[in-house]
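Colleague: With the sequence up front, the predicted model follows.
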Amino acid sequence: MAAIARLGRLTTSSTAFFCCDVQERFRPLIKFYPAVINVAVNMLAASEILEVPYVVTEQASRVFGHTVEEIDVKKASMVEEKTQFSMVSEAVAAHLVAQERTSVVLFGIEAHVCVLQTALDLRSRGIDVHVLTDGTSSQNTPDRLTAFRRMEQSGVFLSTSESVLFQLLRDAKHPKFRDMSSIFKKERVETGLESGF
């Protein structure tokens, strides 16, 4: 009997949200940064409603500043300063284990550096990774789009923030569906992916 391919199903009890380096210094540099910030804000709101851990990292904050003010890091389950490119430090890995999380929804910057290396490190630990294409970007479009393909080649699931959130809800009768509806009704921000990739 043929093996069943990984389906990438998500549940609130086994999922964590990873917000990678959405910092102030990058605001004028990253393509479609308003979309990245918008997704990060929406995922933080969803993490509160659905009680999903939300991990934030900051790359060399003395150089690049702290997380943008739109994202209230006080609501995150963990904020980690880093110099390595991957988010998966010993502390972050221990946090995942302690929370018994086997899937990570990943978004932020830059797609071809920190997000890519985080995705690979998580996959090497057997964690399912879902990268939000509408919430992940780089300074240069070719780097961004090539990173998506590179991650997909390594078994990462590419998705969007809305798709992931509906997957976590699974049913319009979910007790938190009404609370989540305010996120779905927000005005859309241009992602640069309207023509596909």
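Modeller: Received the coordinates, thanks. Residues are numbered from 1 along each chain as shown.
Colleague: what's the distance between Thr83 and Asp21?
Modeller: Using Cβ to Cβ, to the nearest Å, one gets 11 Å for the distance from Thr83 to Asp21. Every residue, glycine included, has its C-beta placed from N, CA and C.
Colleague: strands paired with the lengthiest strand in the chain, and their directions?
Modeller: Scanning the chain for the strand with the most residues, using DSSP state E, yields strand 128-137. Counting by DSSP bridges, the strands paired with strand 128-137 are strand 103-109 (parallel), strand 157-159 (parallel).
Colleague: chain center to the longest one: distance?
Modeller: For strand 103-109, the distance between its averaged C-alpha position and the chain's averaged C-alpha position is 2 Å (Cα atoms, centre = their mean, to the nearest Å).
Colleague: now the angle from the very next helix or strand once past that strand to strand 128-137?
Modeller: Sequence-wise, the next helix or strand beyond strand 103-109 is helix 116-124, with elements assigned using DSSP states H and E. Interaxial angle, helix 116-124 versus strand 128-137 (axes from the mean of the first three to the mean of the last three Cα atoms, to 10 degrees): 170 degrees.
Colleague: I'd like to know how far the residue nearest to Ala93 when sequence neighbours are not counted sits from Val104.
Modeller: For Ala93, ignoring the flanking residues on the chain, the nearest one in space by Cβ to Cβ, 6 or more residues apart in numbering is Arg125 at 7.0 Å. When Cβ to Cβ is applied, the distance between Arg125 and Val104 equals 10 Å.
Colleague: the more surrounded of those two?
Modeller: For the pair Arg125 and Val104, the greater number of neighbours falls to Val104 (28 against 14), based on other Cβ atoms under 10 Å.
Colleague: picking up where we left off before, residues that sit against both of Thr83 and Asp21, list them.
Modeller: Between them, Thr83 and Asp21 share the neighbouring residues Gln59, with contact defined by Cβ atoms under 8 Å, 6 or more residues apart in numbering.
Colleague: and stretch 26-41, which residues are buried?
Modeller: Buried residues in stretch 26-41, counting neighbours by 16 or more other Cβ atoms under 10 Å, are found at 26, 30-33, 35-41.
Colleague: which of those lies closest to Thr57?
Modeller: For the buried residues of stretch 26-41, the closest approach to Thr57 (Cβ to Cβ) belongs to Ala40, at 11.9 Å.
Colleague: returning to what we had before: do me a favour and average the pLDDT over the longest strand of the chain.
Modeller: Confidence over strand 128-137, taken as the mean pLDDT, stands at 98.
Colleague: Alright, that wraps it up for me.
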